[in-house]
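*Asks:* I need the structure of the sequence given here:
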Amino acid sequence: MKQIKRQQDDMIVQKSNNNKKQKLQNEIPINRYCFEDLANEILFEIFDYLDMYHVYKGFFNLNERFKTLVININSLIKINISTMSKSNFEDYYKNILLPNKHRINLIRSSNLFIVNIIFSQPRMILKFIRLEILILDNINLKYFNKIVEYLNCLPKFHSLTISIGDYIQSLYLLFMNIFRLSKLIYCKIKYKIKSDQQFLSVYLTKYDRSPLKYFIIDGRFPFNSLNNLLCCLPQIRHLSINSLVKFHYSQMNELSSIQLKYLKYISLKFDYINFDKVEKIIKDFFYYVQILRLTTFYDESYLNAKHWEKLISSYMPYLRIFDINHEGSIRNNDLTYHDVINQFNSSFWIEKKYFFSHQHNWQEKLDTGIFYSTNPYRRKDYRFYWELDKEICLHNQNVNLNSVKHIYIYSKKATIKCVNYFPNVTQLTIKHHFKTPDDSITTTLNRMIPLKQLTKLIIETHDFPFDDILKLLCFTSNLYILKVNLSSINEIDPNLVMKNEIFQYLSKTNKIKYLELCDGCSLHKIQLIVNLFSQLEYLKTRVDRKEIEQIVSFLLSKTNKKTQHLFFL
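*Replies:* Purely as a prediction, here's the structure:
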């Protein structure tokens, strides 16, 4: 009886509590707000967190109030135009870019047609009075040459990043235009020169001085112009050149060296430049350098530890980081490769905490290799070679490779074990189709890099089987950029491949938006590619002139839903 009474009491209490809760809910006013009810100040703060194009697409055509808000944004505007169709850009250009040109402080574009529209009238640049940073990818050199004069008139402009889309005919003209920008502090430039083109010097004089403090050159630059380049950069703090090449065709007058008191960081890659030439540059300009990063080839003099000790002690007293990567062989028959590199283990190097390692790049051959700085390994790229038998070199050691973002695999045959692991790699380049002893290529690669982490994959070899490519794509679910040679497709029936389970799975799951094919493309291959990469936005390839009309017709067909995202061809 007591138990029944207790249950009844509990029910009465619960009912009483429910009544009180319901009464309280009725007394408390419930305020529900729509997004449109937010104050203008709050909406402006939200807009600050969004890309301007997304603000435009999401709100401009919503209603009159939001259109007015978008037009009257008070803060400085950053224009970032990467993946956009021509028709979408024309609306954006008319409604946002032109009316707000006086409030834009950054323009970034990677589309050639967009660059052409913006700068079709070079004098229009003068209207961008608050422009500070300009980032242009794939711009034609003629457009850049036209706008330089007007960029120089902008009071706040100080940072330029450009990638030239066409081949450079005159390096001198390109560098002269950069040096004309009298307020430029930061410049990163990428350009290309035809491999068979006669290389021309950059004839800089004492009248070509630039205020640049940070200069990054991604392109072949003549070594004989390096002296004068440095003489024209009295304020330089950071200099990086990724390809300094020999030049034999003419002589030029060298300017007298100057003290570069602000130069703290320098990174140079020498393509078969002898050490004695580099030594002179070091003695003349690098006294105040704190971080020295060198990539060298061929000349074994770069591995002379005693010579480096004297050079660092006498001419680089402030050096904190000495980062060298040298690939080459030892021709001195009295010394082995290991004898030479072991000279870098003296007290001089240990006291300065400069440590080194190496790997051999030709199987079963120990007189050649890649010698590089460690503790830690600081570079973002790494050239990897498997060895048939790890016992042929007992000097290898584990290295912390956390800095590596891009790994290049050169071997033609893999081994079961991999000495090193690369935990932070996001880009992979495969130079050859390598054979694996037991496991699949994906299993072998996963032992050394996290495949799921990759965003960019480059396969340069023409004999990489299409089946292996598909399997590899299954394990790289976050891949965004793919550059590949698909010659192996030519021997495959496209209709049969598209029925493959792996193919069908990938066609629904892969995220690849950028595809560059190193080989030519037929209509059948294009059809297969479009079915496989349904998210594709950018496609670059070569086609036979006889099939151009058919291919374009197929890609632009309104009934072809597979190409709905494609905007750049």
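
*Asks:* surely D323 meets N375?
*Replies:* No. Counting by CB atoms under 8 Å, D323 stays clear of N375, with 10.7 Å between them. Bear in mind the C-beta positions are built from the backbone N, C-alpha and C, glycine included.

*Asks:* the two: who's more crowded?
*Replies:* With neighbours defined as other CB atoms under 10 Å, D323 and N375 compare such that D323 has more, 17 against 12.

*Asks:* would that one count as being in a strand?
*Replies:* Yes. D323 sits within a strand when classified using DSSP: H, G, I helix; E, B strand; the rest coil.

*Asks:* now do the contacts for it.
*Replies:* For D323, the contact set (CB atoms under 8 Å, 6 or more residues apart in numbering) comprises 291-294, 373, 378-379.

*Asks:* separation between it and Q290?
*Replies:* Look at D323 and Q290: by CB to CB, to the nearest Å, they are 12 Å apart.

*Asks:* kindly report the same for F344.
*Replies:* In this view, F344 and Q290 are 20 Å apart by CB to CB.

*Asks:* now do L173
*Replies:* Per CB to CB, L173 is found 34 Å from Q290.

*Asks:* phi and psi next, for V497.
*Replies:* Backbone torsions for V497, taken as degrees, to the nearest 10, come to phi -60, psi -40.

*Asks:* now it. Nearest residue, chain neighbours left out?
*Replies:* F503 (5.7 Å; CB to CB, 6 or more residues apart in numbering).

*Asks:* element containing the one you found?
*Replies:* helix 501-509 (DSSP states H and E).

*Asks:* so where is the stretch 451-569 of the chain shaky, pLDDT-wise?
*Replies:* Confidence mapping of the stretch 451-569 of the chain against pLDDT under 70 gives the ranges 558-569.

*Asks:* SS state for K194?
*Replies:* coil.

*Asks:* how many neighbours does it have?
*Replies:* Neighbour count of K194, defined by other CB under 10 Å: 10.

*Asks:* if I look at it, how far off is V245?
*Replies:* Counting by CB to CB, the gap from K194 to V245 is 13 Å.

*Asks:* next one: L38
*Replies:* Taking CB to CB, one finds L38 at 59 Å from V245.

*Asks:* who's more crowded, those two?
*Replies:* Between L38 and V245, counting by other CB under 10 Å, V245 is the more crowded of the two (16 against 12).

*Asks:* identify the residues contacting the more buried one.
*Replies:* So V245 contacts 199, 220-223, 271-273 (CB under 8 Å, 6+ apart).

*Asks:* partner residues bridging it?
*Replies:* Taking DSSP bridges as the rule, V245 bridges to P222, D271.

*Asks:* at which residues are the helices of the stretch 151-300 of the chain located?
*Replies:* Secondary structure of the stretch 151-300 of the chain (DSSP state H, counting those that start in this stretch): helices located at 171-179, 226-231, 275-285.

*Asks:* does I430 really touch K456, like I thought?
*Replies:* No. At 12.0 Å, I430 does not count as touching K456 under the criterion of CB under 8 Å.

*Asks:* which of the two has more neighbours?
*Replies:* With neighbours defined as other CB under 10 Å, I430 and K456 compare such that I430 has more, 22 against 17.

*Asks:* and that one, how far from R237?
*Replies:* Distance from I430 to R237, by CB to CB: 37 Å.

*Asks:* ok, the closest residue to D276 other than its chain neighbours - contacts?
*Replies:* Leaving aside its chain neighbours, D276 sits nearest to S301 (7.2 Å; criterion: CB to CB, 6+ apart). Applying CB under 8 Å, 6+ apart to S301 gives the contacts 274-276, 307.

*Asks:* please indicate which of those residues are buried?
*Replies:* F275 (16 or more other CB atoms under 10 Å).

*Asks:* how about the contacts of S301 in CSV, adding pLDDT and distance to R447?
*Replies:* Formatted as CSV, the contacts of S301 follow (pLDDT from 0 to 100; distance: CB to CB, whole Å):
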residue, pLDDT, distance to R447
N274, 93, 40
F275, 95, 38
D276, 94, 43
H307, 95, 39
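
*Asks:* identify the farthest-apart pair in the contacts of S301.
*Replies:* Using CB to CB, those span at most 12.9 Å, a distance reached by N274 and H307.

*Asks:* C231: which of the contacts of S301 is nearest?
*Replies:* D276 (20.2 Å).

*Asks:* how far away is the closest one from P234?
*Replies:* As judged by CB to CB, D276 and P234 stand 26 Å apart.

*Asks:* again, but for Y287
*Replies:* To P234, Y287 is 14 Å away according to CB to CB.

*Asks:* okay, now the unreliable bits of the stretch 1-150 of the chain?
*Replies:* 1-33, 82-85, 112-113, 116.

*Asks:* where does the spatially closest residue to N490 that is not a sequence neighbour fall, helix, sheet strand or coil?
*Replies:* Nearest residue to N490 in three dimensions, chain neighbours excluded: K525, at 7.7 Å (CB to CB, 6+ apart). Following three-state DSSP, we place K525 in the helix state.

*Asks:* quick one: K525 and S487 touch, right?
*Replies:* No. The criterion here is CB under 8 Å, and K525 misses it with S487 at 9.8 Å.

*Asks:* ok, those two, which is more surrounded?
*Replies:* Applying other CB under 10 Å to K525 and S487 shows that K525 carries more neighbours, namely 21 against 17.

*Asks:* residue contacts, that one?
*Replies:* Residues counted as contacts of K525 (CB under 8 Å, 6+ apart) are 486, 489-490, 494.

*Asks:* re the thing from before, wasn't the residue nearest to D276 part of a helix?
*Replies:* Yes. Under three-state DSSP, S301 sits within a helix.

*Asks:* separation between it and D339?
*Replies:* Distance, S301 to D339, by CB to CB: 15 Å.

*Asks:* per the record, what domains does this structure have?
*Replies:* For the chain, the structural domains run 2-30, 379-454, 471-495+507-569, going by automatic domain parsing.

*Asks:* and the residue nearest to N228 when sequence neighbours are not counted, what is it in contact with?
*Replies:* Leaving aside its sequence neighbours, N228 sits nearest to L204 (CB to CB, 6+ apart; 4.1 Å). Contacts here follow CB under 8 Å, 6+ apart; on that basis L204 touches 175, 179, 225, 228-229, 231-232, 255.

*Asks:* what sits against Y191?
*Replies:* Y191 makes contacts with 163-164, 168, 171, 174, 218-219, as judged by CB under 8 Å, 6+ apart.

*Asks:* what do you get if the cut-off is 7 Å, keeping everything else the same?
*Replies:* Y191 makes contacts with 164, 168, 174, 219, as judged by CB atoms under 7 Å, 6 or more residues apart in numbering.

*Asks:* ok, T455 next?
*Replies:* So T455 contacts 426-427, 478-481 (CB under 7 Å, 6+ apart).

*Asks:* among those, which pair sits farthest apart?
*Replies:* By the measure CB to CB, Q427 and N478 form the most distant pair in the contacts of T455, at 11.9 Å.

*Asks:* was I right to think F275 contacts E300?
*Replies:* No. If you go by CB atoms under 7 Å, F275 and E300 don't touch, sitting 8.6 Å apart.

*Asks:* pull the number of nearby residues for the closest residue to L230 other than its chain neighbours.
*Replies:* Leaving aside its sequence neighbours, L230 sits nearest to F285 (CB to CB, 6+ apart; 5.0 Å). Counted with other CB under 10 Å, the neighbours of F285 add up to 23.

*Asks:* let me know the pLDDT of F285.
*Replies:* Looking at F285, its pLDDT reads 97.

*Asks:* how many neighbours does L532 have?
*Replies:* Counted with other CB under 10 Å, residues neighbouring L532 total 21.
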